[in-house]
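> show me how the following folds:
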Amino acid sequence: MTEHRAATPDLDCTPKTANCQSRRSRRQRTWLVYRFCIRYARFGFACSRQTMRETLLSLALVVGILGLSAVLTELFARKMYNRCPQCKTLNAKRRSQCRACGQPLP
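Residues are numbered from 1 along each chain as shown. Just a heads-up that it's a prediction; the model follows:
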């Protein structure tokens, strides 16, 4: 005899997302994770806290890599080039005059 289940949030999502069971004992999840589970379970997305943590960690890693590369590029440019005080053109450290306006460089 099969059990009749209504479409309520207290049921399992889909067989693909076994981590996404929303039983009454698991209702202490945050609102965001719970809504993610209900909304995207039909598409086969995993919706556990572990998946959310891994996604946020990946985003933090990407932002960290991009930020660090921007900082390193800026430090490299400051070490290798001088900026003309008048026209703001980048000039190599070995130059004594600006290549754009001819102003003496510091």
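> now name the helix or strand holding Arg95.
Assigned by DSSP states H and E, Arg95 belongs to no helix or strand.
> Asn82 too?
Counting by DSSP H and E, Asn82 is part of strand 81-83.
> buried sites along that strand?
By 16 or more other CB atoms under 10 Å, the buried positions in strand 81-83 come out as Asn82. Bear in mind the C-beta positions are built from the backbone N, C-alpha and C, glycine included.
> pull out the buried positions in the one helix or strand Leu68 maps to.
In the assignment (DSSP H and E), Leu68 maps to helix 49-80. By neighbour count on 16+ other CB under 10 Å, the buried set for helix 49-80 is 51-52.
> that helix packs against which elements?
Helices and strands touching helix 49-80, by 3 or more CB pairs under 8 Å, 6 or more residues apart in numbering; DSSP states H and E, are helix 31-40.
> mean confidence for the helix it packs on?
On average, the pLDDT along helix 31-40 is 60.
> same check on stretch 88-106?
Stretch 88-106 carries an average pLDDT of 91.
> count of neighbours near Cys101?
A total of 11 residues lie near Cys101 under the criterion other CB atoms under 10 Å.
> got a list of contacts for the strand holding Asn82?
89-93, 95, 105-106 (CB atoms under 8 Å, 6 or more residues apart in numbering).
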